[in-house]
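*Asks:* Sequence first, then the predicted structure, then my questions.
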Amino acid sequence: LLVGDNPNLSCSIPAVFWLCLYAFPSVAFVYLYQLTFFVACIVLDQRRIQSNKRDILICVTYKPKGKPEEPAADEQEDGDSDSSSESQIENERQKLFEGWMRAYAEVLLRPWVKAVVVAIFLSFAGLCAYSASQMTQEFSFTEVVPDDSYLIDVTGALENYASETIFSPSCYFRNVDQSNTTIQDQMVHYVDQMVAMEYISRPPNHFWVDDFRAFVNSSDIEDELFEAQMDAFLSNDVYFDLYREKIDRDESGRVIMSRVALFMDKVNEKDVNEQVDVLMEQREISLSQPVNQGADEFAFFTYEDAYNIWEFYAVAVDELILTTVIGIVVMSGIALFFVPHWTAVLFVFPTVSLLYVDLLGILQWGNVHINAVMYVCLVISIGLLVDFVLHMTIRYYECEGNRREKTIKMLETMGVSILVGGISTFLGTLPLAFSTSSIFYTVFLSFLALVVTGIGHSLVLLPVVLSTVGPEDEVPHSSNLSMSFRDTTARSMLADES
């Protein structure tokens, strides 16, 4: 997570940038916490077990059941033996889990089973790749409200019966001398160009420049200063009510900013591609204005609240592809440092890439669309998916023996931890499945797909691949001294991360 999400700090979407900026120190703190406080707690708990202390009431000492009273001289020796009873139970439980994984590994590594597994996963990957290519961008306001909210009915009624569009951008004019007739002509021309777009069916109902010119021509104030003309114009009750909020003037009466509302009544609010086209077309029109060329800030521009989400749609796909590629490449590079052999990259990179494609394909089958929330979920998923693969790969390279022996040992010692980590992640997000908001249910589907694909690839496909083409070089025997500690630490960290 720490490295997998860090490349997204270069994302141009502010929400994703700040999310990753928050996640980076948070995950770093968790890592330091595990190496210090968490390890210290494990040591203290082991001392509690050896001292026959209760797990909750640690000040109370208990005597293991079935143990007779021993002479005082032998108390220390027998106490050491009794204090290991809990550890023995834990060891037996661990051996039971390892036995299950060993039996599973024996079945999984049969030649015909491996052939079936590879065929199934490749076929599934092909289907998911096609499904992912059909994924679309879509976001509806009703997805963020509860299913029984009255706002859903209101939105539906507006779509069915409202005569006006919900998109009503305004043309803004600033940083220019709006008393200049040439500037006024450019303002009118700009509005006409906007109205000429296929997404706008009619001109604005009222534009102050047109009404102002008509008022001046019909009055005897043509020779007066612009400020005086504007005073007379706004002294008319009708024009005052129409434009008092659309014309801003300074203390001297000079117009410093004005606007006019347009009606984009031909924009399909459910067609993301069309919305992006509208955003790009209006931007091109603004760029073509003489007053905007070479300026640091646009003097003529349009704005509508929906532009924010349209801008996200315009960059989301490219940003998602970029952050995904950077994340996977960075994680593959990290494998060069943390895995004992450089060949680990040949397994980490394609497996994580395959996982991501499968994840997208499954989400598309679940009728999930790319939006702001789903973008964040997909960005986070890179770090989570890498966890499944990297833990198993590191363990494989730490084991000794031929490919089959290393794979079996990998599954025995790390398989249960991967399974528990995936299940705990699923259980942590399970309450979202009962949410009355569609957006939270979508998050649940994302994590469900992430856990299923992560467990499937790390416990099924990856062992098959490693047992077939994995390296067989052995680690030095001296590393066996720290093997038990690494096993325990890796299991603890994986469970804690989940």
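*Replies:* Nice, I can see it.
*Asks:* where do the helices sit along the stretch 51-200 of the chain?
*Replies:* 75-82, 85-108, 111-133, 150-161, 181-195 (DSSP state H, counting those that start in this stretch).
*Asks:* for those, which one ends up most surrounded?
*Replies:* helix 181-195 (a mean of 17; mean count of other CB atoms under 10 Å). (Glycine included, C-beta is placed from N, CA and C.)
*Asks:* Just the CA atoms of the next helix or strand after that one, as PDB, please.
*Replies:* Counting by DSSP states H and E, the next helix or strand C-terminal to helix 181-195 is helix 208-217. Extracted C-alpha coordinates of helix 208-217, given in PDB (Å, rounded to 0.1, in the frame of the first residue of the first chain):
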ATOM      1  CA  TRP A 208     -28.100  43.100 -20.900                       C
ATOM      2  CA  VAL A 209     -26.000  44.300 -23.800                       C
ATOM      3  CA  ASP A 210     -28.900  43.900 -26.300                       C
ATOM      4  CA  ASP A 211     -31.400  45.500 -23.900                       C
ATOM      5  CA  PHE A 212     -28.900  48.300 -22.900                       C
ATOM      6  CA  ARG A 213     -28.300  49.300 -26.600                       C
ATOM      7  CA  ALA A 214     -32.000  49.200 -27.300                       C
ATOM      8  CA  PHE A 215     -32.700  51.400 -24.200                       C
ATOM      9  CA  VAL A 216     -30.000  53.900 -25.100                       C
ATOM     10  CA  ASN A 217     -31.200  54.200 -28.700                       C
END
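*Asks:* Buried residues in whichever helix or strand comes after helix 208-217, which are they?
*Replies:* Later in the chain than helix 208-217, the nearest helix or strand by DSSP H and E is helix 226-235. For helix 226-235, the neighbour count (16 or more other CB atoms under 10 Å) marks 226, 229, 230, 232, 233, 234 as buried.
*Asks:* and if you look at stretch 435-455?
*Replies:* Buried-residue list, stretch 435-455, by 16+ other CB under 10 Å: 437, 439-451, 453-455.
*Asks:* same question for it, mean pLDDT?
*Replies:* Averaged across stretch 435-455, pLDDT comes to 87.
*Asks:* same deal with stretch 378-385?
*Replies:* Stretch 378-385 shows a mean pLDDT of 81.
*Asks:* Now that stretch - C-alpha only, PDB.
*Replies:* The C-alpha trace of stretch 378-385 is given here as PDB (Å, rounded to 0.1, in the frame of the first residue of the first chain):
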ATOM      1  CA  LEU A 378      -9.500   1.400  -8.300                       C
ATOM      2  CA  VAL A 379      -6.500   3.500  -7.300                       C
ATOM      3  CA  ILE A 380      -6.500   2.000  -3.800                       C
ATOM      4  CA  SER A 381      -6.900  -1.600  -5.200                       C
ATOM      5  CA  ILE A 382      -3.400  -1.500  -6.700                       C
ATOM      6  CA  GLY A 383      -1.800  -1.600  -3.300                       C
ATOM      7  CA  LEU A 384      -4.200  -4.200  -2.000                       C
ATOM      8  CA  LEU A 385      -3.800  -6.500  -5.000                       C
END
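*Asks:* First-to-last residue distance for stretch 214-233?
*Replies:* Terminal residues of stretch 214-233 are spaced 10 Å apart (CA to CA, to the nearest Å).
*Asks:* So that it lines up with my notes, have the first residue be 30 from now on.
*Replies:* Sure, I'll start counting at 30 from here, so that last one is stretch 243-262.
*Asks:* And it, how far out from the chain middle?
*Replies:* 57 Å (CA atoms, centre = their mean, to the nearest Å).
*Asks:* Distance-wise, check residue 147 relative to residue 382.
*Replies:* Distance of residue 147 to residue 382, given as CB to CB, to the nearest Å: 16 Å.
*Asks:* let me redo that: residue 196
*Replies:* The value you get for residue 196 to residue 382, if CB to CB is used, is 39 Å.
*Asks:* Between the two, which is the more surrounded one?
*Replies:* Using other CB atoms under 10 Å, the more surrounded residue of residue 196 and residue 382 is residue 196, with 21 against 17.
*Asks:* My guess is that one contacts residue 297. True?
*Replies:* No. If you go by CB atoms under 8 Å, residue 196 and residue 297 don't touch, sitting 10.2 Å apart.
*Asks:* What residues does the residue nearest to residue 242 when sequence neighbours are not counted make contact with?
*Replies:* In this structure, residue 242 finds its nearest non-sequential neighbour in residue 213, 7.6 Å apart by CB to CB, 6 or more residues apart in numbering. By CB atoms under 8 Å, 6 or more residues apart in numbering, the residues touching residue 213 are 207, 238, 242.
*Asks:* Out of the residues you listed, which end up buried?
*Replies:* 207, 238.
*Asks:* Would you mind giving the contacts of residue 213 as a markdown table with distance to residue 371 added?
*Replies:* Shown next, in a markdown table, are the contacts of residue 213 (distance: CB to CB, whole Å):
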| residue | distance to residue 371 |
| --- | --- |
| 207 | 67 |
| 238 | 69 |
| 242 | 75 |
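*Asks:* Can you tell me which of the contacts of residue 213 lies closest to residue 424?
*Replies:* Residue 424 lies nearest to residue 207 out of the contacts of residue 213, by CB to CB, at 71.1 Å.
*Asks:* Spatially nearest residue to that closest one, not counting backbone neighbours?
*Replies:* In space, residue 207 is closest to residue 284, 4.3 Å off (CB to CB, 6+ apart).
*Asks:* and what of residue 255?
*Replies:* Distances taken as CB to CB, 6+ apart put residue 208 closest to residue 255, at 3.5 Å, once the chain neighbours are dropped.
*Asks:* Same question for residue 360.
*Replies:* residue 415 (4.7 Å).
*Asks:* So that neighbour belongs to a strand, correct?
*Replies:* No. Per DSSP: H, G, I helix; E, B strand; the rest coil, residue 415 lies outside any strand segment and is helix.
*Asks:* isn't it right next to residue 361, touching?
*Replies:* No. Applying CB under 8 Å as the test, residue 415 and residue 361 come out as separate, 9.2 Å apart.
*Asks:* Now do the shared contacts for those two.
*Replies:* Common neighbours of residue 415 and residue 361 (CB under 8 Å, 6+ apart) are 377, 381.
*Asks:* And these two? Which one has more around it.
*Replies:* Higher neighbour count among residue 415 and residue 361: residue 415, with 26 against 21, using other CB under 10 Å.
*Asks:* Could you measure from that one over to residue 494?
*Replies:* Distance from residue 415 to residue 494, by CB to CB: 16 Å.
*Asks:* where exactly do the strands run in this structure?
*Replies:* 199-203, 276-278, 284-290, 329-332 (DSSP state E).
*Asks:* where does this structure dip in pLDDT?
*Replies:* Along the chain, segments meeting pLDDT under 70 span 30-42, 44-45, 93-120, 170-171, 173, 188, 191-194, 502-527.
*Asks:* Tell me who's in contact with residue 315.
*Replies:* Counting by CB under 8 Å, 6+ apart, residue 315 has contacts 219, 321, 327, 329, 330, 331.
*Asks:* biggest separation within those, which pair?
*Replies:* Longest span within these, CB to CB: 321 and 331, 11.8 Å.
*Asks:* and those two? which has more neighbours close in?
*Replies:* It is residue 331, of residue 321 and residue 331, that has more neighbours when counted by other CB under 10 Å, with 22 against 16.
*Asks:* thinking again about what came up before, need the residues touching each of residue 196 and residue 297.
*Replies:* By CB under 8 Å, 6+ apart, no residue touches both residue 196 and residue 297.
*Asks:* circling back to that earlier point, of all the strands of the chain, which one is nearest residue 139?
*Replies:* Using CB to CB, the nearest of the strands of the chain to residue 139 is strand 329-332, at 64.5 Å.
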